[in-house]
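**Student:** sharing a model prediction with you, sequence too.
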Amino acid sequence: DKYNTYRIEIFRLLYLSYYLMLTNNLFHCDWHFGNFLVNTDENDNIVLYILDTGIMGELNDNNHYNKLKILLSTNFLYPEPINIIKFLAFINLNSTANVTNFIKNSKSFINDTTTYRNKIIKILENASSNDLKFPIVILYMIQTIIFMDNLLDNSNLLTKSGGCKEFLETSKKYGFYEEIQKL
């Protein structure tokens, strides 16, 4: 509430911070509002502090990490459900899982009129029903995608007054753009 006038900018910073972490194979495994502090600097720019970095993770399999970068290369932390399905099928760790059934059933959720986060939850439930297993950090990542989707719904993050253009400007203003370009 103290920084309500910066609300959209703070949400963009949260979004960009997590995206940059993931593209560098660094997973914050407890992404919620209690783990962020906000302040302003002498130029009235927002300073975001990310706390509780004791619960961090990474993908140890380079093929999984490379596939994750491909997943995140479009739509940042808002990947299309079909791409999430393909990604989960690829990184499945259980050789006896029914991956074919998982893909077939999950595709039926894509055209649901339900919310994005509900589609993702249904895909995860279907993965569990078909005995797919994933590195734990992937579940934390998907939890954060759902958290970010909630921010998108509640903040008009990409559609409010310029949307993507302002998002890009925020990225450049805070140095994310240069870091992402290195990837």
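**Tutor:** Yes, it's here.

**Student:** and the residue located most distally from the centre of the chain, helix, strand or coil?
**Tutor:** Farthest-out residue of the chain from its mean C-alpha position, per CA atoms, centre = their mean: Glu42, at 30.5 Å. The local conformation at Glu42, judged by DSSP: H, G, I helix; E, B strand; the rest coil, is coil.

**Student:** what's the pLDDT at it?
**Tutor:** Note on Glu42: pLDDT of 94.

**Student:** quick one, what contacts it?
**Tutor:** By CB atoms under 8 Å, 6 or more residues apart in numbering, no residues touch Glu42. Glycine gets a C-beta too; all of them are placed from N, C-alpha and C.

**Student:** what backbone torsions are found at it?
**Tutor:** Backbone geometry at Glu42, expressed as degrees, to the nearest 10, gives phi -60, psi -20.

**Student:** so how far is Asp61 from it?
**Tutor:** To Asp61, Glu42 is 44 Å away according to CB to CB, to the nearest Å.

**Student:** again, but for Asn35
**Tutor:** For Asn35, the distance to Asp61 - CB to CB - is 27 Å.

**Student:** likewise for Asn111?
**Tutor:** In this view, Asn111 and Asp61 are 32 Å apart by CB to CB.

**Student:** low-confidence ranges in the protein?
**Tutor:** Within the chain, the stretches with pLDDT under 70 are 153-164, 183.

**Student:** pull the longest helix from it.
**Tutor:** Taking DSSP state H as the criterion, the chain has its longest helix at helix 136-155.

**Student:** buried sites along that one?
**Tutor:** 137-138, 140-149, 151-152, 155 (16 or more other CB atoms under 10 Å).

**Student:** burial check on the closest residue to Leu16 other than its chain neighbours, number of neighbours?
**Tutor:** Spatial nearest neighbour of Leu16, chain neighbours left out: Phe176 (4.4 Å); criterion: CB to CB, 6 or more residues apart in numbering. Using other CB atoms under 10 Å, Phe176 has 20 neighbouring residues.

**Student:** Ser128 now?
**Tutor:** 12.

**Student:** what helix or strand is it on?
**Tutor:** helix 116-129 (DSSP states H and E).

**Student:** that helix to helix 136-155, inter-axis angle?
**Tutor:** Inter-element angle recorded for helix 116-129 and helix 136-155: 160 degrees (by axes from the mean of the first three to the mean of the last three CA atoms, to 10 degrees).

**Student:** show me what helix 116-129 is packed against.
**Tutor:** Applying 3 or more CB pairs under 8 Å, 6 or more residues apart in numbering; DSSP states H and E, one finds that helix 116-129 contacts helix 81-91, helix 99-107, helix 136-155.

**Student:** alright, calling it a day.
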